[in-house]
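Just the structure for this:
(one chain, ligands or ions: 1)
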Amino acid sequence: MISNAVATGRGPASRAAMVTVMLFFGSGVAQLNVTAAQAAQPAIVPLPQHMTVAGPSFTVPVLLPILARDRDEREIATFVAATLASRGVHTTLVARANGPVIRLSEGLHDSRLGVEGYRLDVDSSGVSIGANAGAGLFYGAQTLDQLLPVGNAPVVPGVHIVDWPRFRWRGIHLDVSRHFFGLGVVERYIDVAARYKLNIFHWHLTDDQGWRFPVPRYPRLTTVGGCREGSQVGGEGSTQTDGQRYCGAYTAQQIRDVVAFARRRYVTIVPEIEMPGHSVEALAAYPWLGCGTGPYRVRELWGISSQIFCPTEPTFHFIDAVLAEVARLFPGPYIHIGGDEVPKEAWATSPAVAALRHRERLHTLDAVQGYFTRRVERIARKYGRRIVGWDEILGSSVTSSAVVMAWHGEDAARKAAHHANSVVMCPDPPLYFDAYQGKPDDEPLAIGGLTTTEMVYTYEPIPGGWTGSQSQSMLGVQANLWTEYVPTASHLFYMLLPRALALAEVAWTPRALKNYDGFTRRLAPQLAHFQREGVNFRVPQVTYRLEDASVSFGEQQTEQNAIVLTTDSPAPRISLREIVPNATIHLSRDGSFPSKQSQRYSRPFTLALQPGASRRIGAVAVLPDRRTSAPSYLIVRRNPL
Ligand code: ACM
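Below is the predicted model of the structure:
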């Protein structure tokens with residue numbers, strides 16, 4: 001495959017200024033590198049560790065018992081029952097069975113599987129899912145869902161799967177400050193993540209543009225800090241706002257509901273309360289939290305505020321109360337305390353900070369942030385929680401129990417490993433899902449950069465040259481979805497999918513088994529699933545394939561956003577491919593802009609080319625609901641004689 005996208009990263013200060021250079025936008029010339037054996041395999045995402053397709057298949061009867069005895073087994077049985085009900089199969093829960101059955105068994109004592117691994121066996125007598133623990137059973141049930149074809153009286157192929165994850169931390173993040181997403185959207189997001197065996201939901205609950213987490217002792221956090229008087233209009237650097245009041249916050253009960261929803265799917269929620277920066281919305285609610293006199297305003301533009309928490313005793317008191325409430329509502333072991341992008345001007349001129357520096361011998365403002373972070377870590381530990389922080393916390397002498405999120409990439413990861421801190425890789429790029437997925441002209445407004453599904457897929461979390469002991473520090477991998485430019489749920493899922501499925505495979509599947517062409521083939525039924533469920537996704541661009549064996553591939557390059565292929569053939573034969581199964585392809589062969597109105601593509605065609613001549617073709621994929629992919633282009637050039 002070809003991947004020659006070039007994009008700059010984001011500047012660390014405000015992630016605002018960036019220049020984007022893009023040569024090519026994701027339309028591949030597919031050289032199908034999928035073996036016949038791979039093509040015959042069921043389309044499971046993420047690809048399992050071990051899968052053999054052999055033996056008799058199982059014809060699912062219309063009434064099927066599920067054998068489940070303990071609590072976990074019965075709980076997983078409800079997911080399996082729902083999966084089967086959507087295929088017209090009725091199930092009953094039983095404690096004993098003979099005849100066709102789905103057997104769920106916990107407590108396998110198979111050391112290879114760990115807590116999250118499972119075995120799944122299908123033969124003519126039924127389906128058996130075994131695991132050491134509930135998480136493994138849940139993942140086995142997700143795999144079974146993907147094995148079951150759509151439609152009534154489905155037939156499941158005979159398979160034997162033994163599967164477990166590559167990484168323990170398989171995370172997806174959601175920013176609900178810049179735009180607020182209600183309970184239903186958050187739960188759907190978690191549900192999609194869990195289907196693909198992601199197990200961490202990082203909930204970014206507070207930031208300069210809105211505080212979404214209820215704290216009974218500080219009600220103004222949500223009533224004042226949860227509202228802004230307008231939102232930025234236009235792209236990076238714009239100073240215009242829409243003047244529309246924008247509010248959003250969760251209730252404690254809603255948070256409990258999301259926690260329970262996630263727990264049933266073996267997803268741990270990592271709630272984030274940003275500090276000491278990204279916090280002006282809290283200062284707007286309680287101005288005494290700042291170093292100045294205020295008044296402060298919840299930020300309406302994107303980017304970051306220079307007004308931050310002042311490191312005073314009343315502030316630490318406040319943080320204690322907030323983290324107590326976080327620990328009360330969220331049972332997971334982690335609290336994310338932010339720590340990124342801290343402008344320190346307000347500290348530089350503050351008499352309170354000067355007095356603190358004198359007392360604690362803090363020679364630099366960075367040392368003040370270190371002091372702040374250590375104090376907050378002590379509070380979190382009092383509530384039995386480990387802190388997680390963006391990699392800027394590495395300057396803070398936090399304890400080795402702190403988890404570092406390496407958004408700056410490998411150098412940060414090395415530093416974390418050196419300090420014996422666990423590290424989660426989430427580099428920008430390619431694990432920032434707010435970046436463009438194609439050419440900006442063809443995409444909804446985004447923050448900048450380019451992150452295609454293929455760029456996510458080919459990302460390798462373990463830095464080159466790492467030793468075994470460094471790799472011990474690698475907890476896993478996560479993608480972050482910031483929502484400055486993502487105002488609606490449908491846009492949110494557009495940014496998430498299909499990139500999150502590539503992430504899932506990075507996080508779960510052994511590196512040696514990964515294969516992007518194979519992945520795109522396995523993507524088809526996943527996208528069909530989202531269509532049935534009404535979940536939006538980015539329609540993959542049409543790809544091109546030269547069918548003619550006589551074609552000699554010249555150097556592949558890009559030009560005018562097209563793939564250029566050079567051939568000696570006078571009549572190269574070209575086929576087009578789209579991943580979404582029920583999409584139609586519309587083709588422009590005269591160089592004009594392809595659209596829904598362009599001629600419909602039905603079969604491979606040949607292009608007649610004079611020596612030295614070239615032709616440009618373009619295509620879009622159109623779904624039955626009229627959603628349309630971004631265009632992709634191919635230039636075929638015949639060598640001169
Ligand atoms: C970040 O993107 N500021 C963590």
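
Run through the chain and note the low-pLDDT ranges.
1-40, 548-560 (pLDDT under 70).

so who does the closest residue to the ligand within it touch?
For the chain and the ligand, the shortest gap (C-beta to the nearest ligand atom) falls at residue 340, measuring 4.0 Å. C-beta here means a position set from N, CA and C on the backbone, and glycine is covered the same way. Counting by C-beta atoms under 8 Å, 6 or more residues apart in numbering, residue 340 touches 274, 277-278, 389-392, 407.

May I see those residues arranged in a markdown table, with secondary structure as well?
Formatted as a markdown table, the contacts of residue 340 follow (DSSP: H, G, I helix; E, B strand; the rest coil):
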| residue | secondary structure |
| --- | --- |
| 274 | strand |
| 277 | coil |
| 278 | coil |
| 389 | strand |
| 390 | strand |
| 391 | helix |
| 392 | helix |
| 407 | coil |
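
Tell me the buried residues within the residues you listed.
274, 277-278, 389-392, 407 (16 or more other C-beta atoms under 10 Å).

The nearest residue to residue 68 once chain neighbours are set aside: neighbour count?
Ranked by C-beta to C-beta, 6 or more residues apart in numbering and with sequence neighbours excluded, the top spatial neighbour of residue 68 is residue 77, at 4.1 Å. Using other C-beta atoms under 10 Å, residue 77 has 22 other residues around it.

Residue 77 is in contact with residue 66, isn't it?
Yes - judged on C-beta atoms under 8 Å, residue 77 makes contact with residue 66 at a distance of 4.6 Å.

Quickly list what's touching both of these two.
In contact with both residue 77 and residue 66: 91, 93, 102, 104, using C-beta under 8 Å, 6+ apart.

what's the closest of the residues you listed to residue 461?
residue 104 (31.8 Å; C-beta to C-beta).

who touches the residue lying closest to residue 233 once chain neighbours are set aside in this structure?
Excluding the flanking residues, the one nearest residue 233 by C-beta to C-beta, 6+ apart is residue 240, at 4.6 Å. Taking C-beta under 8 Å, 6+ apart, we find residue 240 in contact with 232-234.

Restricted to buried residues, select those residues in PyMOL.
To isolate the buried ones among those in PyMOL, judged by 16+ other C-beta under 10 Å, type:
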select buried, resi 232
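
I'd like to know how far residue 119 sits from residue 41.
With distances taken as C-beta to C-beta, to the nearest Å, residue 119 is found 17 Å from residue 41.

swap in residue 606?
Here residue 606 is placed at a distance of 32 Å from residue 41 (C-beta to C-beta).

Spit out the contact partners of residue 244.
Residue 244 makes contact with 230-231, according to C-beta under 8 Å, 6+ apart.

Does it belong to a helix, a strand or coil?
Classified using three-state DSSP, residue 244 is coil.

Now do it against residue 227, distance only.
Separation of residue 244 from residue 227 (C-beta to C-beta) stands at 11 Å.

ok so, going back, make sure the residue nearest to residue 68 is indeed in a strand.
No - counting by three-state DSSP, residue 77 is not part of a strand but helix.

from memory residue 156 sits against residue 125, does it?
No - using C-beta under 8 Å as the test, residue 156 is too far from residue 125 to be in contact (11.6 Å).

Let me see the contact set for the closest residue to residue 498 other than its chain neighbours.
Leaving aside its chain neighbours, residue 498 sits nearest to residue 453 (5.3 Å; criterion: C-beta to C-beta, 6+ apart). Listed by C-beta under 8 Å, 6+ apart, the contact partners of residue 453 are 26, 437, 498-499, 501-502, 540.

now these as CSV including distance to the ligand and secondary structure?
Listed next are the contacts of residue 453 as CSV, based on distance: C-beta to the nearest ligand atom, whole Å; DSSP: H, G, I helix; E, B strand; the rest coil:
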residue, distance to the ligand, secondary structure
26, 23, coil
437, 18, coil
498, 22, coil
499, 17, helix
501, 22, helix
502, 20, helix
540, 27, coil
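
Quick check: the farthest pair among these?
Going by C-beta to C-beta, the pair spanning these furthest: 26 and 501, at 15.0 Å.

what does this structure put close to the ligand?
Neighbours of the ligand within the chain, by C-beta under 6 Å from any ligand atom: 15, 340-341, 390, 407.

how about the strands in the stretch 251-400 of the chain?
Counting by DSSP state E, counting those that start in this stretch, the stretch 251-400 of the chain has strands at residues 268-275, 334-338, 386-390.

Pipe those into TSV and attach distance to residue 566 per row.
Listed next are these as TSV, based on distance: least, C-beta to C-beta, whole Å:
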stretch	distance to residue 566
strand 268-275	50
strand 334-338	51
strand 386-390	46
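
Nearest to residue 319 among these would be which one?
Among those, the nearest to residue 319 by C-beta to C-beta is strand 268-275 (6.7 Å).

quick check: angle from the closest one to strand 386-390?
Relative orientation of strand 268-275 versus strand 386-390 (axes from the mean of the first three to the mean of the last three C-alpha atoms, to 10 degrees): 60 degrees.

Can you show me the CA trace of strand 268-275 as PDB?
What follows is strand 268-275, C-alpha atoms only, in PDB (Å, rounded to 0.1, in the frame of the first residue of the first chain):
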ATOM      1  CA  THR A 268     -12.900   1.300  33.200                       C
ATOM      2  CA  ILE A 269     -13.700   5.000  33.200                       C
ATOM      3  CA  VAL A 270     -10.800   7.400  33.900                       C
ATOM      4  CA  PRO A 271     -12.300  10.700  34.800                       C
ATOM      5  CA  GLU A 272     -10.200  13.800  34.200                       C
ATOM      6  CA  ILE A 273     -10.300  17.000  36.200                       C
ATOM      7  CA  GLU A 274      -7.800  19.400  34.500                       C
ATOM      8  CA  MET A 275      -5.300  21.200  36.700                       C
END
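
In it, which residues are buried?
In strand 268-275, counting by 16+ other C-beta under 10 Å, buried: 268-275.

Ok, stretch 207-219 next?
For stretch 207-219, the neighbour count (16+ other C-beta under 10 Å) marks 207-215, 218 as buried.
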